[in-house]
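Chemist: 3D, please:
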Amino acid sequence: MMILPEKLHLAGIGGIGMSGLAQMLAAYGHKVSGSDRALKNPENARIFSALEKQGIKLYPQDGSFINDGLPGAIIYSTAIENDNPDFKCLPPETRRIHRAEALEAAIKESPAESMIAVTGSCGKTSVSAWIAETLTNLGLEPSLITGGLANRFREAPFAGNFYPGKGKYMLVEADESDKSLTAYTPDYGVILNIGTDHYSKEELADVFRQFIGKVKKGIVIEDNVYRILGHDALNGLDFRIFSAGKENGELPGKVFRVTSYTNDRKGNVKTSVNGHEFQLPMPGCHNAANAAAVIALADLVGISTEKIYDAVSNFHGVWRRFDFAGRTRGGTRIYDDYAHNVEKIISCMKAASEISTGKLLTIFQPHGYGPLGFMKDELHKALCENLRDGDTFALLPVYYAGGTSSFKPSSEEVIKEYNAIGSKASFMCMPDRAAAARFIKENLKADDIVLICGARDNSLSDWAVNLCKEI
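Modeler: So this is what the prediction gives:
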């Protein structure tokens, strides 16, 4: 078992996963420092101020942290390049520990007795937070570390992506994007779905099989993932299956199926799982499926499902997950979401379409050139199937956060390709945010909705709020 040194430095501490880990390490008695190239960016102040309140010392990413003494190890994520100044300033013998390995070691320092790891292509942040809040509502006081700021756990001094509970359960979001989910050995696992984001479905299926092989006691798995992986992949574990769809062939064991979903467009959203109706705290059929996953997990760990429906309904969500930013002066509603792959974008679009009869403008800022190139064909196909008459899908320029990149394809190139293919769908490239604001002001009315999507750039959230004040 890896034992972490007392003094640790995190390169790229402002990242959502790294900042959660930093808070966790500080809570467990480590002396923590960190650097970030975006240390002075105002959109990151909510995270950096929380870190400082917890005694974590912050530095620009220029190697200057060593002026206060060498750390026992430096922790890094996949986004940190080999020539990063924080690496270059350290003696070559300094230990380098990947974020996932450090997190696994930190989890073993936790007083929690049982680890629950949540993974999948979509929804893992929301579901890990949803499970944690549900268990909190039931008085079980779980700990949480996840890839978003859970609103219920944004209590000073914590930012919301880490919370040190006193109970037996530790909820962990396990990331499939860099395959780091295979570093964990959880007691229970949840696999929500399998989609197109970083790898082919075949490659991702193999990663999920490896993840299941590390699970000790039981697994919750979506019905489509179960069919792709096969029953043998469950390795004899206790399991529950959840499903958002209608009967589609026989499934073994206990199945938690979404049996109804209604939205009256006035904020009254209801769903039922196995015929038991309850209030859903936010719109979207995908959230009904997420609720089914939460209920299935509760049953797997031995919590009575009769007690859980009210607890599931009382979920306060996660920052930048279909957040209502406000209305423009013309009455257009603006929503902000972290959606950055095909399935997430389409799910958000469908949720927005449920609550308005007007037009939908979806503005997506890709979170890297590689991800945009990987998803562009699947995204085009999905958009053509889901954009309604009058709807528009627009790309902003790619957000570049560092790392190796060919700087291809650009957003403009992708939109040209989409329009050259030809379809009834409306696609456009917006050269900057000012152009997007002008388009909204000139083309959208009171019953229309703007959905702003994109990962890794917290300024999108501030922009969404500012649009409501400016236009």
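
Chemist: pLDDT averaged over the helix or strand harbouring Ala464 - what is it?
Modeler: Counting by DSSP states H and E, the element that carries Ala464 is helix 459-470. Averaged across helix 459-470, pLDDT comes to 96.

Chemist: mind listing what's buried along it?
Modeler: Neighbour counts over helix 459-470 (16 or more other CB atoms under 10 Å) mark 459-464, 466-468 as buried. C-beta here means a position set from N, CA and C on the backbone, and glycine is covered the same way.

Chemist: which residue is nearest the centroid of this protein?
Modeler: Closest residue to the average C-alpha location of the chain: Thr125 at 4.1 Å, with CA atoms, centre = their mean.

Chemist: surely it meets Val318?
Modeler: Yes: using CB atoms under 8 Å, Thr125 is in contact with Val318, at 5.8 Å.

Chemist: got any residues that touch both of the two?
Modeler: Residues touching both Thr125 and Val318 (CB atoms under 8 Å, 6 or more residues apart in numbering): 146, 148.

Chemist: now do the helix holding Ala464: distance to the chain's middle.
Modeler: 21 Å (CA atoms, centre = their mean, to the nearest Å).

Chemist: contacts for that helix next, please.
Modeler: Applying CB under 8 Å, 6+ apart, the set of residues contacting helix 459-470 from outside is 41-43, 319-320, 323, 325-328, 334-336, 365, 433, 437, 440, 450, 452, 454.

Chemist: sorry, back to before: could you dump the buried residues of helix 459-470 to JSON lines with distance to Arg37?
Modeler: Below are these laid out as JSON lines (distance: CB to CB, whole Å):
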{"residue": "Ser459", "distance to Arg37": "14"}
{"residue": "Leu460", "distance to Arg37": "18"}
{"residue": "Ser461", "distance to Arg37": "19"}
{"residue": "Asp462", "distance to Arg37": "19"}
{"residue": "Trp463", "distance to Arg37": "20"}
{"residue": "Ala464", "distance to Arg37": "24"}
{"residue": "Asn466", "distance to Arg37": "24"}
{"residue": "Leu467", "distance to Arg37": "26"}
{"residue": "Cys468", "distance to Arg37": "30"}
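
Chemist: list just the nearest of those to Ser177.
Modeler: Nearest to Ser177, judged by CB to CB, of the buried residues of helix 459-470 is Leu460 at 18.9 Å.

Chemist: how about low-confidence regions in the stretch 101-250 of the chain?
Modeler: Applying pLDDT under 70 to the stretch 101-250 of the chain flags the ranges 196-198.

Chemist: mind listing what's buried in the longest helix anywhere in the chain?
Modeler: Longest helix of the chain, by residue count under DSSP state H: helix 369-386. Residues 369-376, 379-380, 382-384, 386 are the ones in helix 369-386 that count as buried (16+ other CB under 10 Å).

Chemist: mind putting these in CSV, pLDDT and distance to Asp178 included?
Modeler: Putting these into CSV (pLDDT from 0 to 100; distance: CB to CB, whole Å) gives the following:
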residue, pLDDT, distance to Asp178
Tyr369, 94, 17
Gly370, 90, 12
Pro371, 91, 12
Leu372, 95, 18
Gly373, 94, 17
Phe374, 90, 14
Met375, 93, 17
Lys376, 95, 21
Leu379, 96, 21
His380, 96, 26
Ala382, 96, 24
Leu383, 97, 27
Cys384, 95, 30
Asn386, 95, 29
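
Chemist: between those residues, which is closest to Glu306?
Modeler: Nearest to Glu306 among these, counting by CB to CB, is Asn386 at 36.9 Å.

Chemist: contacts only, for that closest one.
Modeler: So Asn386 contacts 346, 349-350 (CB under 8 Å, 6+ apart).

Chemist: can you put these in TSV and add neighbour count?
Modeler: Shown next, in TSV, are those (neighbours: other CB atoms under 10 Å):
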residue	neighbour count
Ile346	21
Met349	25
Lys350	15
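
Chemist: just the ones of these in helices?
Modeler: Those of those lying in helices (DSSP H): 346, 349-350.

Chemist: my guess is Glu109 contacts Leu21, does it?
Modeler: No: with contacts defined as CB under 8 Å, Glu109 does not count as touching Leu21, sitting 11.9 Å away.

Chemist: please parse this structure into its domains.
Modeler: Following automatic domain parsing, one finds the domains of the chain at 7-102, 110-313, 323-470.

Chemist: now the last one: how far from the chain's centre is it?
Modeler: Just to be clear, that refers to domain 323-470. 18 Å.

Chemist: what's the first-to-last distance across that domain?
Modeler: Start-to-end span of domain 323-470 (CA to CA, to the nearest Å) is 18 Å.

Chemist: with the longest one instead?
Modeler: Distance between the boundary residues of domain 110-313 (CA to CA) amounts to 28 Å.

Chemist: and it, how far from the chain's centre?
Modeler: Distance of domain 110-313 from the chain centroid (CA atoms, centre = their mean) equals 13 Å.

Chemist: same check on the first one?
Modeler: Here domain 7-102 shows a centroid-to-chain-centroid distance of 21 Å under the convention CA atoms, centre = their mean.

Chemist: closest one to Ala394 out of the ones in helices among the contacts of Asn386, please.
Modeler: Distance to Ala394 across the ones in helices among the contacts of Asn386 (CB to CB) is lowest for Met349, with 12.5 Å.

Chemist: ok, the closest one to Lys359 distance?
Modeler: Counting by CB to CB, to the nearest Å, the separation of Met349 from Lys359 is 12 Å.

Chemist: between the two, which contacts overlap?
Modeler: In terms of CB under 8 Å, 6+ apart, Met349 and Lys359 are both contacted by the residues Asp391.

Chemist: need the next SSE after the helix or strand containing Tyr226, C-terminal direction.
Modeler: Using DSSP H and E, Tyr226 maps to helix 223-229. Using DSSP H and E, the helix or strand that follows helix 223-229 towards the C-terminus is strand 238-243.

Chemist: in its sheet, what does that following strand sit against?
Modeler: strand 218-222 (parallel), strand 254-263 (parallel) (DSSP bridges).

Chemist: what's the most buried one of these?
Modeler: For these, the largest average neighbour count (mean count of other CB atoms under 10 Å) is found in strand 218-222, namely a mean of 25.
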